[in-house]
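Peer 1: got a sequence here, can you model it:
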Amino acid sequence: MKKFSTCLIFTIISLISLEAFSVPKLNSYPGAVATIFLDFDGHTVQSSVWNGGATLYCQPSGLTDPQITEAFGRVAEDYRPFEINITTDQDVFLAAPLNRRMRVIITTTSSWCPGMGGVAYIGSFIWGDDTPAFVFSDMLGFSPKMVGECCSHESGHTVGLSHQSKYDGDCNIPVEEYNSGAGGGETGWAPIMGNSYYRNMSNWNNGPTPDGCNNIQDNLSIIATYNGFTYRMDDYTETLNASTYTLPSSNFNLTGIITTNSDKDAFRFTTTQNSNFHLTAIPFNVANNWIGANLDIKIELYNSSATLIRTYDPASTLTVTIDTILNAGTYYLKIDGTGNINIGEYGSLGGYSFSSTGALPIHDVKLGGTVDKNRHNLNWNIIADEPIKTIVVETSTDGSNFSTLTTVATSADKFAYQPYKSTTVFYRLKVTSVLDQTVYSNTIALKGAANTARSFNVSTLVKDEISVNAAQNYQYRLTDINGRTISAGTGLKGINKINISNHPGGIYIIEMFGTDQKQAERIIKQ
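Peer 2: From the prediction side, this is the model:
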C-alpha cells in the first residue's frame, strides 16, 4: 500500500491570491541528474493515486517572482549538500530520468485536500511514474517562508522521510507529532520533517518519528542512500600543507559548501607584514540577519606548523567574524559546520561565503631603537601609498600584551622616552592609514634603566603642548612668569599631554605633585 503524508498547517495569514505573471528560471545545481521541480505556474494532474483518480486542474501558486525566488532559495539550500538540482524550469525536469525526478506543484487548488499545507507519497521520488507532490500556497498564507519550508518537507517525504516528533524527557510520551524545535531569533531551530514554519534555522535531523521515541530516523543517510544520488563531491580538502587551497590575496571573496558531518574546508594564506586580519564568514541565506540559513559556521585558525591558534564559534550567531592581529607568516583556516544551544551539528550543512578586506596601502613599517643612558630613542620608517591618519607607540612588559604609550604626529619619524623600569621594555608601532587599514611594525626590546631620582620628565621647549612622562599619578599646576595660574589638573602614570596652544609664547612654570615627590620645571613656549 502506498503511504502518503502531509505538511502541517496552522494559522492562515492571508487568503488573497497574487497572480505571478512569470516564473523565473532557477537552478541550484545544473550539472546534477536528479531533479526536484518546483512548479509554480499551474499544472493539470491525471493520476490514479490523487483525488480518487479524478483530474486535478491546479491553479498557479499566486506568488510573485520575488516570493518564488525566496521559496526556491530555501529549498535549494536544504538540498545543497546533495547531488540534486532544485529547479523552476519544466524543461530541465522533463530532461531528467523518470526515476530521478519529482514535481512539487505549488498551487491554490486546495479544496480537494482540506486543512493541509501539502501532501506527498513517501518514497515516490523513485517510482518512475511522475506522481507529484503538492504544496497549497493559499493554505500557507502565500508566505514564501512557509511555502519554502513545506516544499522541502513534502519533497522530503518523496525521498523516503517520515515526520519527526518530540517526546518527553523520559522518551515515553509524545509531546509533538511535528517537532517544533527550540529557541528563537537567528539560531532558533526546527527539523524540516517537523514543524519548521516558525524557526529561522531548519535542517535535516537525526531524531525520533511518530512511531516511537526509539525509532530514530537518520534523514541524511536515507536521502543519500535510497534515491539514486548521494552527497556532492567535496569542494575543498581539510589537509593543512602546501597543497591546501591558497587564497588569492588579502582581498578575496570565496564560496563553498559543507556537504557532510565530517566535511571541513581548509584554506591557506600568507601575510607579508604584521597587520590586522579581518574576515567575515556567513552562511547562505535569503534575507538580512541570515534568514533561511542551514549552516552554523565554526572557523579554526592554525599557524604555519598546523598548530591550532584559536577557534571562532560564537554561540548566538550563525556567522563568524575574525578581527585579530597576525604577525607576518603563513596561516590556515578550517571552516566547519557546528551546533549551538538549540541543536547539534548533525544537520549543520550548506553553503557559505567568506571575504577579507583588500590589500593594505601601508607596505612596510620598520621600527628601530637605541638606549642612551636612561632614555629609549625610537625611530621608524613607513612606506605607504595612502596618507597616514595615526601613529601610535605601544609598549609591553612581556612582548605579547601591548598598551598605548603615546600617539605622535603623522609626520614624526622618531620618539624619545624615559621608562621608569629596570626590566626589558618591548615596543611596536600601530600605524593606521586614512582608509582605516592598520599595520603593526616589528617588535623591538630595549633594556630599561630606571631613574629613581626624578619622577617626571618634561618637554621644556614646546609649541602647542607640554609632554609629561610620569613615574606615578600626579597633580599639576601651570603658571606664567608672573605666578598667575594658567591651568591645573591631574595626570596618570605614563605619558600625558597638556595643551597650551591658546596661550602666547613665553616662559611658564609647571609644578607636579606626586605621592612622595614634588618637581618644578621651566617651560619655554615658542
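
Peer 1: pairing partners for V119 in the sheet, please.
Peer 2: Here V119 sits in beta bridges with T6, F134, as judged by DSSP bridges.

Peer 1: K525 now?
Peer 2: With DSSP bridges as the rule, K525 is bridged to V462, G506.

Peer 1: how near is it to I495?
Peer 2: Using CB to CB, to the nearest Å, one obtains 19 Å as the distance from K525 to I495. Where C-beta positions appear, they are placed from N, C-alpha and C, glycine not excepted.

Peer 1: same question for C113.
Peer 2: With CB to CB as the criterion, C113 and I495 are 78 Å apart.

Peer 1: these two: who's more crowded?
Peer 2: Comparing C113 with I495 by other CB atoms under 10 Å, the one with more neighbours is I495, at 20 against 17.

Peer 1: does that one touch L405 like I think?
Peer 2: Yes - assessed by CB atoms under 8 Å, I495 is found in contact with L405 at 6.0 Å.

Peer 1: so what sits opposite G256 in the bridge?
Peer 2: With DSSP bridges as the rule, G256 is bridged to Y352.

Peer 1: burial count for it?
Peer 2: Using other CB under 10 Å, G256 is surrounded by 18 other residues.

Peer 1: that one touches Y352, doesn't it?
Peer 2: Yes - if you go by CB under 8 Å, G256 and Y352 touch, sitting 5.7 Å apart.

Peer 1: what residues do those two have in common as contacts?
Peer 2: Both G256 and Y352 are contacted by I335, under the criterion CB atoms under 8 Å, 6 or more residues apart in numbering.

Peer 1: my read: I322 touches F277, true?
Peer 2: Yes - checked against CB under 8 Å, the pair I322 and F277 is within contact range at 6.5 Å.

Peer 1: shaky segments in the chain?
Peer 2: Scanning the chain for pLDDT under 70 picks out 1-21, 249-250, 289, 357-360, 400, 420-421, 449-454.

Peer 1: helices of the chain, start to end?
Peer 2: Secondary structure of the chain (DSSP state H): helices at 65-78, 90-95, 144-158, 219-225.

Peer 1: which one, of these, ends up nearest to M193?
Peer 2: helix 144-158 (5.4 Å; CB to CB).

Peer 1: the closest one packs against which elements?
Peer 2: When contacts are defined as 3 or more CB pairs under 8 Å, 6 or more residues apart in numbering; DSSP states H and E, helix 144-158 sits against strand 4-7, helix 65-78, strand 101-107, strand 118-121, strand 133-136.

Peer 1: now the second one: buried residues?
Peer 2: Going back to what we said before, that points to helix 65-78. For helix 65-78, burial by neighbour count (16 or more other CB atoms under 10 Å) applies to Q67, I68, T69, E70, A71, F72, G73, R74, V75, A76, E77, D78.

Peer 1: contacting residues for the last one?
Peer 2: With contact taken as CB under 8 Å, 6+ apart, D78 is in contact with S152, I192, S202, N203, W204, N294.

Peer 1: so how many other residues sit close to the closest residue to Q418 other than its chain neighbours?
Peer 2: In space, and not counting its chain neighbours, Q418 is closest to N457: 4.5 Å by CB to CB, 6 or more residues apart in numbering. When neighbours are defined as other CB under 10 Å, N457 has 21 of them.

Peer 1: adjust the sequence numbering to begin at 57 for everything that follows.
Peer 2: Okay, using 57 as the starting number, the last item reads as N513.

Peer 1: which one is S299 nearest to, not counting chain neighbours?
Peer 2: Closest to S299 by CB to CB, 6+ apart is T293, at 7.7 Å.

Peer 1: ok so, going back, save the helices of the chain as TSV, and put in distance to R157 too.
Peer 2: Listed next are the helices of the chain as TSV, based on distance: least, CB to CB, whole Å:
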stretch	distance to R157
helix 121-134	15
helix 146-151	6
helix 200-214	10
helix 275-281	15
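
Peer 1: out of those, nearest to Y287?
Peer 2: For those, the distance to Y287 is smallest for helix 275-281, at 5.5 Å, taking CB to CB.

Peer 1: pull out the buried residues from the closest one.
Peer 2: The neighbour-count check on helix 275-281 (16+ other CB under 10 Å) flags N275, L276, I278, I279, A280 as buried.

Peer 1: first to last residue in stretch 252-268, what's the distance?
Peer 2: For stretch 252-268, the first-to-last residue distance is 20 Å (CA to CA, to the nearest Å).

Peer 1: give the buried residues for it.
Peer 2: Neighbour-count burial for stretch 252-268, counted by 16+ other CB under 10 Å, picks out 252-265.

Peer 1: likewise stretch 569-582?
Peer 2: Within stretch 569-582, the residues scored as buried using 16+ other CB under 10 Å are F569, G570, Q575, E577, I579, K581.

Peer 1: for I391, give me its contacts.
Peer 2: By CB under 8 Å, 6+ apart, the residues touching I391 are G312, I314, K320, D321, A322, F323, A337, I353, K354, I355, Y408, F410.

Peer 1: and the residue most central in space within the chain, its phi and psi?
Peer 2: Nearest to the mean C-alpha position of the chain, counting by CA atoms, centre = their mean, stands T375 at 2.5 Å. Here is the backbone geometry of T375 (degrees, to the nearest 10): phi -90, psi 170.

Peer 1: so it is in contact with I353, correct?
Peer 2: Yes - with contact defined as CB under 8 Å, T375 counts as touching I353 (6.3 Å).

Peer 1: can you pull the residues that touch both of these two?
Peer 2: Here T375 and I353 have A337, I338, P339 as joint contacts, going by CB under 8 Å, 6+ apart.

Peer 1: and the furthest pair within the buried residues of stretch 569-582?
Peer 2: Top of the distance list for those (CB to CB): G570 and K581, 24.1 Å.

Peer 1: check whether T462 really touches I551, as I assumed.
Peer 2: Yes - counting by CB under 8 Å, T462 touches I551, with 4.3 Å between them.

Peer 1: tell me, what's touching those two both at once?
Peer 2: The contact sets of T462 and I551 overlap at Y473, S523 (CB under 8 Å, 6+ apart).

Peer 1: now do A343: how many residues are near it, please.
Peer 2: If we define neighbours as other CB under 10 Å, then A343 has 12 of them.

Peer 1: which residue sits closest to it, ignoring its sequence neighbours?
Peer 2: E126 (7.3 Å).

Peer 1: so what's the one you found up against?
Peer 2: Per CB under 8 Å, 6+ apart, neighbours of E126: P200, K201, G204, V342, A343, G348.

Peer 1: pull out the buried members of these.
Peer 2: Buried among the contacts of E126 by 16+ other CB under 10 Å: P200, K201, G204, V342, G348.
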